[in-house]
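Engineer: below: sequence and its predicted model.
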Amino acid sequence: MGPLTEGLTRVEQQFHLRAITPEFEILMHLYEKGPTPSAALRAASRASSAAFSLVLKRLVGSNLLQVAHGCSDRRVRKYDLTPWARGVMDEFARTTVRVLTKEPAAGD
């Protein structure tokens, strides 16, 4: 778990609410860890097995995730952010750091 996800998890624990959707949780994991096999991605998610499969299909269908099949075993699928989604997550991370450190935005 990366620092952004850890921070959001602490907020959830303190406020006793769910701040991170399964979709965002998966996007953050892939942003922080890079390409991940589906089994490891499922283990890192708090979504149920049925919900996890639906979330992955929705994220792939929305052009947020790309999937590669294993060379030696085609049943193994590795997921990663699409270049576009990675760019959006980069901007999110920069904005989060800027807000938390109270740095002015470019052009301010």
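Structural biologist: Great, that's in hand. Bear in mind that the values here come from a model prediction, so they are computed numbers and not experimental data.
Engineer: what separates the residue nearest in space to the middle of the chain from Cys71, distance-wise?
Structural biologist: A centroid search over the chain (CA atoms, centre = their mean) returns Leu27, at 1.6 Å, as the residue closest to the centre. Remark: distance between Leu27 and Cys71 (CB to CB, to the nearest Å) = 26 Å. C-beta here means a position set from N, CA and C on the backbone, and glycine is covered the same way.
Engineer: with Leu30 instead?
Structural biologist: 20 Å.
Engineer: higher neighbour count, those two?
Structural biologist: Leu30 (23 against 7; other CB atoms under 10 Å).
Engineer: how about the helices in this structure?
Structural biologist: 3-15, 22-33, 38-44, 49-61, 83-101 (DSSP state H).
Engineer: by contact count, what packs against the longest one?
Structural biologist: Which is helix 83-101. Under the contact criterion of 3 or more CB pairs under 8 Å, 6 or more residues apart in numbering; DSSP states H and E, helix 83-101 touches helix 22-33.
Engineer: which positions within the helix it packs on qualify as buried?
Structural biologist: 22-23, 25-32 (16 or more other CB atoms under 10 Å).
Engineer: quick check: which ranges of the protein have low pLDDT?
Structural biologist: By pLDDT under 70, the weakly predicted segments of the chain are 1-5, 70, 103-108.
Engineer: Arg77 - how many residues pack around it?
Structural biologist: 17.
Engineer: pretty sure the residue nearest to the centre of the chain contacts Met89?
Structural biologist: Yes - between Leu27 and Met89 there is a contact under CB atoms under 8 Å: 6.4 Å.
Engineer: which residues do those two both contact?
Structural biologist: Leu81 (CB atoms under 8 Å, 6 or more residues apart in numbering).
Engineer: ok, now which ones touch Asp80?
Structural biologist: Residues counted as contacts of Asp80 (CB under 8 Å, 6+ apart) are 30, 34-36, 65-66, 68.
Engineer: need the buried ones from those selected in PyMOL.
Structural biologist: PyMOL command restricting the contacts of Asp80 to the buried ones, with burial defined by 16+ other CB under 10 Å:
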select buried, resi 30+36+65+66
